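S.K.: prediction below, plus the sequence it came from.
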Amino acid sequence: MPKTFYDQIERFERFDFAAFFSRVKPEDVERVLAKDSLSETDFLVLLSEEAFGCLEPLAQKAKRITVGNFGKVIQLYAPLYLSNYCENDCAYCGFKHSNPIARKRLSLTELRQEAEEIAKSGIRQILLLTGESRAQSPLSYIKECVSLLKQTFSMISIEIYPLSVDEYAQLIAAGVCGLTIYQETYDQRLYAQLHGQGPKSDYRFRLEAPQRAAQAGMRQINIGALLGLAEFRKEVFLAGLHAYWLERYYPDIELGISFPRIQPQVGSFSPAYPLRDRDLTQAIVATRIFLPRAGITISTRETKELRDNLIGLGLTRLSAGSRTQVGGYALSDKTEGQFEIADTSSVETIRQMVCRKGYQPVFSDWQNGMNRA
């Protein structure tokens, strides 16, 4: 039986990433591109600056792999914020405890209104989010929300505070099928600096949450790093290794990885390592080649133009018509959003964009719908 991914993180505590990348030559990139399966060091080669010169053949290989494993299909989903109460003071988050924003938790009546508004767009896959406050958003409240929402939506995922195995099992029994949880940064020292207050300061408990969800029987698990907090190549590499580790020890889960970039928010945190669009593109295609069976998500944090260009390069899921406020879809008393979204397109506009690219937009989770029938 596996230990935890924390044991793997420790292997790279003193690894000199800069020295490795400086040694990569064009022939190393060509050698890796010719391989059918990649090692850890091969993945690093594809993340190097040298590999950017081969971005076109990388993109073509990523496209072939994606179509071969997923077909020309893009899943569409919407985030639904239940609450913005939070006990943490994460430096980069609009919901952090010290921000002087209005706080709100949806009542079940308000949640029904939000759900009805989302459903009008055709969306049947939702991601439920809360700030990290067990007091204001206890497990009992989240289960009540899931019970209400499963009457309308075929796929309900959560992005909430980390839970125990038993707690994840309770939510699965209530109707949750998927978990999204970002480590934010895999750099332990930086993590401690950014999360000085609240339960989120426990690096290891968060790192091991995807494993606990897998042990509980969660069908879909989506992970990632918040890009911009640290040097992106190291973060993408460690997130990719985390995904690979989960695939190896829990082969029954549908594993996904996201690439969220920091966007403007209340508090005006500025990322120390901002990414260019070309960096994000390289990260996605390199990850697709390293993780051929993993889902890849890009949210409305990114612009319509960039998301359009990224379809076909490895993506399998897009958020659509997103709101990051509690009550953002139907209520007049909206709160401040967690961050600013870049793609404000309607669900219909995104559907049309996906179709123009020759892909099929999918609104429902058919497998789960069949399981529930």
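M.R.: Cool, got the structure. Only a predicted model underlies this, so the values are computations on that prediction, with no experimental measurement involved.
S.K.: quick check: longest strand of the chain.
M.R.: strand 73-83 (DSSP state E).
S.K.: give me the mean pLDDT for that strand.
M.R.: The pLDDT scores in strand 73-83 average 98.
S.K.: and the contacts of the helix or strand that that strand is followed by?
M.R.: Beyond strand 73-83 on the C-terminal side, the first helix or strand identified by DSSP states H and E is helix 108-120. Contacts with helix 108-120, where a contact means CB atoms under 8 Å, 6 or more residues apart in numbering, come from 78, 80, 82, 106, 126, 144-145, 148-149, 152-153, 321, 327-331. C-beta: built from backbone N, CA, C; applies to glycine.
S.K.: quick revisit: other SSEs contacting the longest strand of the chain?
M.R.: helix 108-120, strand 125-130, helix 139-149, strand 155-159, strand 317-319, helix 347-356, strand 360-362 (3 or more CB pairs under 8 Å, 6 or more residues apart in numbering; DSSP states H and E).
S.K.: which elements pack onto the helix or strand harbouring Gln215?
M.R.: Taking DSSP H and E as the criterion, the element that holds Gln215 is helix 209-216. Of the remaining helices and strands, those touching helix 209-216 by 3+ CB pairs under 8 Å, 6+ apart are helix 165-174, strand 178-180, strand 220-224, helix 232-249.
S.K.: winner for burial among these?
M.R.: Counting by mean count of other CB atoms under 10 Å, strand 178-180 has the highest mean neighbour count of the helices and strands packed on helix 209-216, with a mean of 26.
S.K.: who's in contact with it?
M.R.: Against strand 178-180 from outside (CB under 8 Å, 6+ apart): 127, 155-159, 168, 209-210, 213, 218-223, 254, 256, 258.
S.K.: next structured bit after it?
M.R.: Using DSSP H and E, the helix or strand that follows strand 178-180 in sequence is helix 188-194.
S.K.: next, the buried residues of whichever helix or strand comes after that next one.
M.R.: Counting by DSSP H and E, the next helix or strand C-terminal to helix 188-194 is helix 203-207. Along helix 203-207, these residues count as buried under the neighbour rule (16 or more other CB atoms under 10 Å): 203, 206-207.
S.K.: report the buried residues of whichever helix or strand Val45 is part of.
M.R.: Assessed by DSSP H and E, Val45 sits inside helix 40-46. For helix 40-46, a neighbour-count test (16+ other CB under 10 Å) marks 42-46 as buried.
S.K.: quick check, central residue of the chain?
M.R.: Geometric centre of the chain, nearest residue: Ser258, 3.6 Å, by CA atoms, centre = their mean.
S.K.: show me what contacts that residue?
M.R.: So Ser258 contacts 180, 182, 222-224, 296-299 (CB under 8 Å, 6+ apart).
S.K.: what about 6 Å?
M.R.: 222, 224, 297 (CB atoms under 6 Å, 6 or more residues apart in numbering).
S.K.: give the contact list for the first one.
M.R.: Pointing back at Asn222 there. Counting by CB under 6 Å, 6+ apart, Asn222 has contacts 180, 256, 258.
S.K.: returning to that earlier point: ramachandran angles for the residue nearest to the centre of the chain?
M.R.: Backbone geometry at Ser258, expressed as degrees, to the nearest 10, gives phi -120, psi 160.
S.K.: tabulate the contacts of Asn222 (a markdown table), appending distance to Asp16 and pLDDT.
M.R.: Compiled in a markdown table, the contacts of Asn222 are given as follows (distance: CB to CB, whole Å; pLDDT from 0 to 100):
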| residue | distance to Asp16 | pLDDT |
| --- | --- | --- |
| Thr180 | 32 | 98 |
| Gly256 | 30 | 98 |
| Ser258 | 27 | 98 |
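S.K.: one step back: nearest to Cys54, of the buried residues of helix 203-207?
M.R.: Checking the buried residues of helix 203-207 against Cys54 with CB to CB, the nearest one is Leu207 at 32.3 Å.
S.K.: and that closest one, how far from Asp308?
M.R.: 34 Å (CB to CB, to the nearest Å).
S.K.: check what contacts the helix holding Val45 and list those residues.
M.R.: Helix 40-46 has contacts (CB under 6 Å, 6+ apart) with 24, 28, 32, 237, 240, 286, 290.
S.K.: again, only using 7 Å
M.R.: Outside helix 40-46, the residues within contact range by CB atoms under 7 Å, 6 or more residues apart in numbering are 20, 24, 28-29, 32, 35, 51, 58, 237, 240-241, 286, 289-290.
S.K.: so, low pLDDT: which residues of the chain?
M.R.: For the chain, residues meeting the criterion pLDDT under 70 lie at 1-2, 366-373.
S.K.: recalculate using a threshold of 90.
M.R.: 1-3, 10-11, 13-14, 196-197, 264, 266-269, 332-335, 364-373 (pLDDT under 90).
S.K.: in PyMOL, select just the buried ones from the contacts of helix 108-120.
M.R.: Buried residues within the contacts of helix 108-120, by 16+ other CB under 10 Å, are selected in PyMOL with:
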select buried, resi 78+80+82+106+126+145+148+149+153+321+327+328+329+330+331
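S.K.: for the stretch 251-373 of the chain, what spans make up the helices?
M.R.: Using DSSP state H, counting those that start in this stretch, the helices found in the stretch 251-373 of the chain span residues 277-290, 304-310, 347-356, 366-372.
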